[in-house]
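Participant: got a structure for you, letters missing:
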C-alpha cells in the first residue's frame, strides 16, 4: 500500500513564510513539517507518492527518491484544481488500496494505524470544538453518510481530519465531481458519492490531529509536541550571556542573539540575527532576518531576508514580506510589503 500525500498548494494563509518555500518544508523542531508524517507512515506503506506543484523542485531536492529506504515518487499537479484533482493526478502511481493525507496536517501513529488497517474505504473523524472549519462527518453506525462542508447553523458530528484509505474505485467517483463556484474539484464530493453506494468506515480518532494552516498553527503544533526544556537549538548559534531564550523556542542553525534579547514561544529559522534588547514573543521569523536594537515582535510572521529596523514594533497578526526593510521606529499592524531591497 502506498501513501498519496497532497503537497502542491501555495498556502496563502501562511504567507509570508511560504512565499519562499512550500508549506511542507516549513521547519518544525528544525525538520521539514512533512517529515513527521513520513516517519509515522513508514511502517504501513511501501512507497510515498507526493503530489507537488508549488516549489515542486524544492520538495524533490529535499526528499529525493527515497526517504529512510522507502521509495518516493512525484506527480505534478500543474494547476491547483482542488483536492479531488490532486488525488486523480496520482492515479497512474497506485494500483491497489492506498492512503491519502494532507502534507500540512500532523497525525498520531495510532490514528494512521487504525485507518491503514481498516478494510476497504475509510476516513478519520476527530472531535473538535469547531468541526465546520474542516467539514462535518454525518455517520450512522460508524458508516459515513455524507460530509457537510461549512455547514450553516448547528451541525453535530466529528470533523473530517483529511486522512483516508481508498480502494482504487474511488477514481471513478472523482471523475464525476462537478467544480465548485471557485472552479475546484473537491475530494469530499467524491467521497459523499462513494458513500451512497459503498461502505466508507469512519475511524474515530483517539488522539486528535494538528492542522497547520497559519503561522500561529505552526506555533501551536510546536507547543503541542514540545519535547521538553526551554529551547530546541540548531548548530553554530551565538547567544549573549544575558539573553533569555525560551520557553518554547526553536532556534535554527547559525542564529545570533544580542545582549538582553528575550525570545519566548517562537520559531526562528536559520541565520536569524536578533539585536540588543530585542523582544520576540509568539512569532515565526524566516531565514536570514535581521532584527534591530530594541525592536518588539509580538505575534508576527516575518519572511526570509527581511530587515526589521531598531525600535520597530510588530503588532499581533502583522506580517512582513521577504527581503523587506521596515524603517526604524515603525509600528506595523498588518501586512508590510513596501520598501523592498
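Facilitator: Alright, I've got the coordinates. Predicted, not measured: the structure shown is a model, and the values here were computed from it.
Participant: spit out the contact partners of the most centrally placed residue in the chain.
Facilitator: In the chain, the centroid-proximal residue (C-alpha atoms, centre = their mean) is residue 104; its distance is 2.8 Å. The contact partners of residue 104, by C-beta atoms under 8 Å, 6 or more residues apart in numbering, come to 11, 23, 24, 33, 34, 211, 212, 213. In short, each C-beta sits where N, CA and C put it, glycine included.
Participant: any idea how many residues pack against the second one?
Facilitator: Same thing as residue 23. 24 (other C-beta atoms under 10 Å).
Participant: so the closest residue to residue 38 other than its chain neighbours bridges to which residues?
Facilitator: Using C-beta to C-beta, 6 or more residues apart in numbering and skipping the chain neighbours, the partner closest in space to residue 38 is residue 67 (5.2 Å). Beta-bridge partners for residue 67, by DSSP bridges, are residue 70.
Participant: number of residues surrounding the residue nearest to residue 147 when sequence neighbours are not counted?
Facilitator: The spatial neighbour of residue 147 that comes closest, neighbours along the chain excluded (C-beta to C-beta, 6+ apart), is residue 188 at 4.4 Å. Per other C-beta under 10 Å, the neighbour tally for residue 188 reads 21.
Participant: for residue 247, same thing?
Facilitator: 13.
Participant: so it is in which element?
Facilitator: For residue 247, there is no enclosing helix or strand under DSSP states H and E.
Participant: give me every residue that touches the residue nearest to residue 88 when sequence neighbours are not counted.
Facilitator: Ranked by C-beta to C-beta, 6+ apart and with sequence neighbours excluded, the top spatial neighbour of residue 88 is residue 174, at 5.0 Å. Contacts for residue 174 (C-beta under 8 Å, 6+ apart) come out as 84, 87, 88, 185, 187, 190.
Participant: which one of those is nearest residue 277?
Facilitator: residue 187 (49.5 Å; C-beta to C-beta).
Participant: tell me, how many residues neighbour the closest one?
Facilitator: Neighbour tally, residue 187, other C-beta under 10 Å: 26.
Participant: same question for residue 74.
Facilitator: 18.
Participant: phi and psi next, for residue 114.
Facilitator: With angles defined as degrees, to the nearest 10, residue 114 sits at phi -70, psi -40.
Participant: quick one: it from residue 102, how far?
Facilitator: Distance from residue 114 to residue 102, counting by C-beta to C-beta, to the nearest Å: 18 Å.
Participant: those two - which one has more neighbours?
Facilitator: Using other C-beta under 10 Å, the more surrounded residue of residue 114 and residue 102 is residue 102, with 24 against 19.
Participant: beta partners for that one?
Facilitator: Under the criterion used (DSSP bridges), residue 102 bridges to residue 6.
Participant: list the contacts for it?
Facilitator: 5, 6, 162.
Participant: from these, which is closest to residue 57?
Facilitator: Of all the contacts of residue 102, residue 57 sits closest to residue 5, with 16.7 Å by C-beta to C-beta.
Participant: for the closest one, give me its contacts.
Facilitator: Residue 5 is in contact with 34, 37, 48, 49, 50, 51, 100, 101, 102, 103, counting by C-beta under 8 Å, 6+ apart.
Participant: which entries within the residues you listed meet the buried criterion?
Facilitator: 34, 37, 48, 49, 50, 51, 100, 101, 102, 103 (16 or more other C-beta atoms under 10 Å).
Participant: redo the residues you listed as a markdown table? Include pLDDT.
Facilitator: Output for these, formatted as a markdown table (pLDDT from 0 to 100):
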| residue | pLDDT |
| --- | --- |
| 34 | 96 |
| 37 | 93 |
| 48 | 98 |
| 49 | 98 |
| 50 | 98 |
| 51 | 98 |
| 100 | 97 |
| 101 | 97 |
| 102 | 94 |
| 103 | 94 |
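Participant: just the ones of those in helices?
Facilitator: 34, 37 (DSSP state H).
Participant: tell me which of the buried ones among the contacts of residue 5 is nearest to residue 120?
Facilitator: Distance to residue 120, by C-beta to C-beta, is smallest for residue 100 among the buried ones among the contacts of residue 5, at 14.1 Å.
Participant: element containing the residue lying closest to the closest one once chain neighbours are set aside, please.
Facilitator: Closest residue to residue 100 apart from its sequence neighbours, by C-beta to C-beta, 6+ apart: residue 164 at 4.4 Å. Using DSSP H and E, residue 164 sits within strand 159-166.
Participant: for that strand, what is the average pLDDT?
Facilitator: Strand 159-166 comes out with an average pLDDT of 93.
Participant: show me how far it is from its chain's centre.
Facilitator: 16 Å (C-alpha atoms, centre = their mean, to the nearest Å).
Participant: show me where the stretch 201-341 of the chain has its helices.
Facilitator: For the stretch 201-341 of the chain, the helices defined by DSSP state H, counting those that start in this stretch cover 215-224.
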